[in-house]
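Peer 1: got a structure for you, letters missing:
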């Protein structure tokens, strides 16, 4: 499981954009959001660096 801090994820719309970026890397990934803490938890066999790159490309660079 990967836990990423995404400081500029502020709302449900942001979470949907983050989910799309994650699905582009691994369509089978299981994703959970904590908007209050600005965290996303990803259960996937893909490496974290792939998710970091996809989120950065979508303007949601993880901290």
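Peer 2: Looks like it arrived, so ask away. Small disclaimer: the values here were computed from a predicted structure and weren't measured.
Peer 1: can you tell me how far the residue nearest in space to the middle of the chain sits from residue 41?
Peer 2: Nearest to the geometric centre of the chain sits residue 18, at 4.8 Å (C-alpha atoms, centre = their mean). In this view, residue 18 and residue 41 are 11 Å apart by C-beta to C-beta, to the nearest Å. (Each C-beta comes from the backbone N, C-alpha and C, glycine too.)
Peer 1: Then residue 63?
Peer 2: 15 Å.
Peer 1: go on, residue 2?
Peer 2: According to C-beta to C-beta, residue 2 stands 7 Å off from residue 41.
Peer 1: And those two? Which one has more around it.
Peer 2: residue 2 (19 against 13; other C-beta atoms under 10 Å).
Peer 1: and for residue 18 and residue 41, which residues touch both?
Peer 2: Between them, residue 18 and residue 41 share these contacting residues under C-beta atoms under 8 Å, 6 or more residues apart in numbering: 31, 33.
Peer 1: what's the spacing between stretch 16-31 and its chain's center?
Peer 2: Stretch 16-31 sits 7 Å away from the centroid of its parent chain (C-alpha atoms, centre = their mean, to the nearest Å).
Peer 1: Which residue ranges of this structure form strands?
Peer 2: 2-5, 30-34, 39-43 (DSSP state E).
Peer 1: for this structure, longest helix please?
Peer 2: Ranked by residue count and defined by DSSP state H, the top helix of the chain is helix 12-25.
Peer 1: Which elements pack onto that one?
Peer 2: Judged by 3 or more C-beta pairs under 8 Å, 6 or more residues apart in numbering; DSSP states H and E, helix 12-25 is in contact with strand 30-34, strand 39-43, helix 48-57.
Peer 1: Deepest-packed of those, please.
Peer 2: For these, average neighbour numbers computed from mean count of other C-beta atoms under 10 Å are highest in strand 39-43, which has a mean of 17.
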